[in-house]
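**Student:** With the input below, show me the fold.
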Amino acid sequence: MVETKSSVHPALVVPNIKANIPITLEMANVQYSTWAELFKIHARSHRVLDHIIPPAKGKEKVPSTDEEKELWSTLDATVLSWIYSTISNELLQTIIEPDSTTMDAWNRLRDIF
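**Tutor:** Predicted structure coming up:
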């Protein structure tokens with residue numbers, strides 16, 4: 001059987017993030033460690049972990065073409081929407097900022113907890 005490379009990135013076909021991260025991160029019921037671990041597993045399995053955790057020095061992959069930059073931006077928005085969809089409204093109002101990146105939001109949450 002011949003393997004073919006899909007033209008659709010696996011992160012772009014996640015229909016419901018709540019199926020993979022079934023808890024909602026809240027201030028009152030702190031489950032940050034569990035939520036973060038589930039989130040990292042999901043991000044790793046969908047090849048977008050580098051949007052929340054920077055790669056080791058020398059392992060960075062900087063988008064060079066317009067197509068790669070557009071894909072990076074699309075994936076970053078997708079992962080950011082995963083974060084926003086799995087946290088309480090109170091946390092969302094605390095961390096949301098215009099033109100934020102996924103890593104910005106991830107770090108703000110880490111700093112809160």
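**Student:** residues in contact with the residue nearest the centre of the chain?
**Tutor:** Centroid-nearest residue in the chain: V79, 3.2 Å away (criterion: C-alpha atoms, centre = their mean). Remark: with contacts taken as C-beta atoms under 8 Å, 6 or more residues apart in numbering, V79 is in contact with A11, A43, V48, H51, I52, T102. For the C-beta atoms, the positions are set from N, CA and C on the backbone; glycine is no exception.
**Student:** Quick check: next helix or strand after the biggest helix by length in the chain?
**Tutor:** Counting residues, the longest helix in the chain under DSSP state H turns out to be helix 66-85. Going down the chain from helix 66-85, the next helix or strand is helix 89-95, by DSSP states H and E.
**Student:** That following helix: which residues count as buried?
**Tutor:** For helix 89-95, burial by neighbour count (16 or more other C-beta atoms under 10 Å) applies to L91, I95.
**Student:** ditto for stretch 75-85
**Tutor:** By 16+ other C-beta under 10 Å, the buried positions in stretch 75-85 come out as L75, D76, T78, V79, L80, W82, I83, Y84.
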